[in-house]
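Asker: Task: produce atomic coordinates for the following.
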Amino acid sequence: MDKAFWLGFFAYLAPTFPLGYFWHLKSFAQRYEALQMYREQVIIPFGLASMIVQGALFSWAYPHLFSTAHEQLVSSALACALAYGVLSWSFTTLPVAAKFRMTSVSGFVALESAFTALQFIIVGPLMALAYRI
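Answerer: Residues are numbered from 1 along each chain as shown. As a prediction, the model looks like this:
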């Protein structure tokens, strides 16, 4: 594993963990509580473990999917944000909405879609930068 892999890994993990924690368990905690879908005591290490796996896979895949050329920084950042964001949304939002009981499917989809969009608006450019250092 080279330096770029680890920078890409941390470009994913460093913003995703605190953003996820504050979004789900602080800023919008009451809205998620109203959805009646979370357990009383969430298992934070499971969430972190999931993010570690995602960060490793997304970082490994980055140079195989997107340009690492300096002159394509912006287009690669946008492509990464869009591709990884849609992929993430497809396995974190849609299946949860389909399988779990909640008081408002549309409320959940709106909250999680906003979270995923914000997450990858941040992560996409950071990953693109990581593979150019």
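
Asker: From here on, just use CA atoms for contacts and neighbour counts.
Answerer: OK.

Asker: Would you mind finding the longest helix in this protein?
Answerer: Scanning the chain for the helix with the most residues, using DSSP state H, yields helix 105-130.

Asker: In it, which residues are buried?
Answerer: 105, 107-109, 111-113, 115-117, 119-130 (16 or more other CA atoms under 10 Å).

Asker: Skipping adjacent residues, who's closest to Phe66 in space?
Answerer: Leaving out its chain neighbours, the residue that sits closest to Phe66 by CA to CA, 6 or more residues apart in numbering is Ser76, at 5.7 Å.

Asker: and the helix or strand where the one you found lies, what does it pack onto?
Answerer: For Ser76, the host element (DSSP states H and E) is helix 73-92. Using 3 or more CA pairs under 8 Å, 6 or more residues apart in numbering; DSSP states H and E as the contact criterion, the secondary-structure elements in contact with helix 73-92 are helix 105-130.

Asker: what's the angle between the helix it packs on and helix 73-92?
Answerer: Regarding helix 105-130 and helix 73-92, their directions subtend 140 degrees when assessed with axes from the mean of the first three to the mean of the last three CA atoms, to 10 degrees.

Asker: for the record, mean pLDDT for helix 105-130?
Answerer: When pLDDT is averaged along helix 105-130, the result is 98.

Asker: Can you pull out the residues in contact with stretch 65-85?
Answerer: 58, 62, 116-117, 119-121, 123-129, 131-132 (CA atoms under 8 Å, 6 or more residues apart in numbering).

Asker: what's the nearest residue to the spatially most central residue of the chain if we skip its chain neighbours?
Answerer: By CA atoms, centre = their mean, the chain has its centre lying nearest to Gln119, at 5.1 Å. The shortest distance from Gln119 to any residue other than its chain neighbours is 6.4 Å, reached at Thr16 (CA to CA, 6+ apart).

Asker: and that neighbour, what does it touch?
Answerer: When contacts are counted by CA under 8 Å, 6+ apart, Thr16 is found next to 51, 119, 123.
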